[in-house]
Structure formats: structure tokens, C-alpha cells
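Trainee: predicted structure and sequence below. I'll ask about it afterward.
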Amino acid sequence: RERIMGFGHAGYRAEDPRARHLREGSRRLAEKMGDPKWFQILSRVEEHMRPYAERGICVNVDFWAGSVYYLLGIPEDLFISIFAVARVPGYVAQVLEQQDKNMLIRPQMRYDGPIDVEFVPIDQRG
């Protein structure tokens, strides 16, 4: 068994409700930008994966995110950063909850990497 990126979620056994909103956003953006290619491809992939929904392998929020970022003109090498930044409010809420309850929910999560590193586009990296 292998994971299929964009499908399945630890918390949702049915379709991720956020995915519905991103699907619609992707559809509208594709229509507005006159660039339906990615929406059409993803719709077909989703259609072919539908039989697996019975086993809880449904579209998650990540599935449609790339097409939305692409249609918004975000450079591909920033997709992961944008994805992470969108989660910061949830991370902050979790930290506040941990402080309020005086306990760590996930103590193994501690960043020890470099700080204040300048972003360099992939095509300019050595």
C-alpha cells in the first residue's frame, strides 16, 4: 500500500470539507483565467479515485491547492511555503491551548534549523 498525495486524511473518513471549497475556487479561477487544463485534469483524477471513497480515500485539501496556487500566479517553488503559512493560525492556536493547559500536545516538535535564511528561487540555487 502506498499513499496517494491529495487523497485521504487522518481526521476525515469522507471528503475533506475544505476540499469542496478549493474545488469550487479552482473551477472559478480556471474559468476566469481561461485556463481550464488543471481543473479538468484534477476532475478526471478525482473521478477515477471515486471508487476508493468507500475505504475513506477521498480528496483532501491538498488535492486542489496546487491548481489554485498555479492559477493565482504563485511560483511553483513557493507552493510548499504558502501551504505552510496557511497553517500558522492553527499552529498558534495549538500553542496557546498548550500554554493554557500547561502541557505539550506534541513535545517532539521542536524546530532547531537555521533562522533568517534568505529565500533563493530554485533556478538560482547552486
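Mentor: Received the coordinates, thanks. Numbering: from 1, shown residues only.
Trainee: so how far is residue 12 from residue 4?
Mentor: As judged by C-beta to C-beta, to the nearest Å, residue 4 and residue 12 stand 15 Å apart. All C-beta atoms are positioned from the backbone trio N, CA, C, and that covers glycine.
Trainee: between those two, who's got more neighbours?
Mentor: Taking neighbours as other C-beta atoms under 10 Å, residue 4 and residue 12 compare with residue 12 leading, 16 against 12.
Trainee: my guess is that one meets residue 58, correct?
Mentor: Yes. At 7.0 Å, residue 12 and residue 58 qualify as touching, with contact defined as C-beta atoms under 8 Å.
Trainee: okay, now residue 103: neighbour count?
Mentor: Applying other C-beta under 10 Å, we find 9 other residues in the vicinity of residue 103.
Trainee: that one: what secondary structure?
Mentor: coil (DSSP: H, G, I helix; E, B strand; the rest coil).
Trainee: give me the pLDDT for residue 107.
Mentor: Per-residue confidence (pLDDT) for residue 107: 60.
Trainee: repeat for residue 50
Mentor: The predicted local confidence for residue 50 is 91.
Trainee: neighbours of it, just the number please.
Mentor: 11.
Trainee: now it: how far from residue 57?
Mentor: 10 Å.
Trainee: same question for residue 49.
Mentor: Going from residue 49 to residue 57 by C-beta to C-beta gives 7 Å.
Trainee: okay, and the common contacts of these two?
Mentor: 4, 7 (C-beta atoms under 8 Å, 6 or more residues apart in numbering).
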